[in-house]
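Asker: Provided below for reference: sequence and predicted model.
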Amino acid sequence: MITILQLTALNDRDEILLITTSDDGTKRFLHVDRVSPLLEPLDPQSFRHKKLLYGGLNNTIDINIKPHVIFNSIGDPDRCSKMLQRVTNIAEKNNFPYINHPAMVPNVKAERLYALSEGIEGLKTPKCVRLRPDSASSLVDTAAEHGITPPYIVKEVGCDPDRKNSYLMEEDAETTALDRFAFDGRAYDVIKYHDYRSKDGLYRKQRFFVIGETIYPGHLIISEKWKVVNDDEAHLGLEKQLKKLKKEEKHFLKRYQTRQFPALLELKQRLGLDFFAVDCHLTDDEQLLLFSVDCEAHYFERLKEDGYYNDKQIHTYNRAVETMIMTKLQQWRDSKSV
């Protein structure tokens, strides 16, 4: 029996949501934002796992189990920076193999991702700079000093992902368009925008999962808008051609089920992570325009409608997670026997 300790944490505001009633009106429970469910489908005859929630006061936490592997699911370095630093300090003092070591998670910040991915053949990452401007004009001028001119995306760092916290600054936009943001010391990522519309005028955003040493197709979402979030929002206005587009989105899983991208495996090595999702756009010649890397993403997210993944595909993902864990454990054991 392999014991896995899963680390999770509250965000930097130490917020936790109390759901006062369930759908049937009888239960009360706590909800911690984005706790990864990746370990839930593991074979219970071979694996057991417990969750450890970090947050609040920096008190010592006694763990009553000795895990074989620690699965770090604290994956947002901007919203959970305090707890991520805390578990990093703890990790430096213990001797366990980690899935997504907490010291490596900050590599997915947009500015660092741009630097780390530079020079990878077949991969293009938009330039990004993180700023703390005191005014809209200061943001524009400082971005220009870093070689980033419109069009670019301005994105508030570390705020709730459900908030509309980004804006596409067009070439002909007035600086006052940025007055929608608060310039009070908070940080903003300024990211060079690349128009990734296909020949039919639609935007196609692909997701791939990197699980251990293997790449799996996550999903394809097609939209009329550049900011693609989920099916419900993306498909608005596309009702007349929706049947055809859904067929294309579904075919993506079959088309790329065995395709490996050396660029993503090289990116994995540079990031130092074991599991993550890549949101990108595949050009006509199958070059990858990288948008983001997400350590908290998973294939149970409700970004696609029910039925998008079949049972065989879900089984493949689950077995890949098991293989990743066992490979990590074996590599750690081998390193100790040398």
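Answerer: Cool, got the structure.
Asker: contacts, neighbours, all on C-alpha from now
Answerer: OK.
Asker: all helices of the stretch 51-200 of the chain, in order?
Answerer: Assigned helices in the stretch 51-200 of the chain, in chain order: 81-91, 110-116, 136-145 (criterion: DSSP state H, counting those that start in this stretch).
Asker: Report the buried residues of the shortest one.
Answerer: Buried positions in helix 110-116, judged by neighbour count with 16 or more other C-alpha atoms under 10 Å: 110-114, 116.
Asker: Which elements pack onto that helix?
Answerer: strand 128-131, helix 262-271 (3 or more C-alpha pairs under 8 Å, 6 or more residues apart in numbering; DSSP states H and E).
Asker: Any idea which of the helices of the stretch 51-200 of the chain gets closest to residue 177?
Answerer: helix 136-145 (8.4 Å; C-alpha to C-alpha).
Asker: count of neighbours near residue 217?
Answerer: 24 (other C-alpha atoms under 10 Å).
Asker: Spit out the contact partners of it.
Answerer: By C-alpha atoms under 8 Å, 6 or more residues apart in numbering, the contact list for residue 217 reads 207-209, 252-253, 256-257.
Asker: Apply 7 Å and report the result again.
Answerer: Taking C-alpha atoms under 7 Å, 6 or more residues apart in numbering, we find residue 217 in contact with 207-209, 253, 256-257.
Asker: again, but for residue 331
Answerer: Per C-alpha under 7 Å, 6+ apart, neighbours of residue 331: none.
Asker: Spatially nearest residue to the spatially most central residue of the chain (excluding sequence neighbours)?
Answerer: Centroid-nearest residue in the chain: residue 294, 1.2 Å away (criterion: C-alpha atoms, centre = their mean). Closest residue to residue 294 apart from its sequence neighbours, by C-alpha to C-alpha, 6 or more residues apart in numbering: residue 277 at 5.1 Å.
Asker: Torsion angles phi and psi at residue 291?
Answerer: Main-chain dihedrals, residue 291, degrees, to the nearest 10: phi -100, psi -50.
Asker: Just give the number of residues close to residue 326.
Answerer: 15.
Asker: Check the secondary structure at the closest residue to residue 82 other than its chain neighbours for me.
Answerer: Closest residue in space to residue 82, ignoring its immediate chain neighbours: residue 12 at 6.0 Å, by C-alpha to C-alpha, 6+ apart. Secondary structure, DSSP: H, G, I helix; E, B strand; the rest coil: residue 12 is coil.
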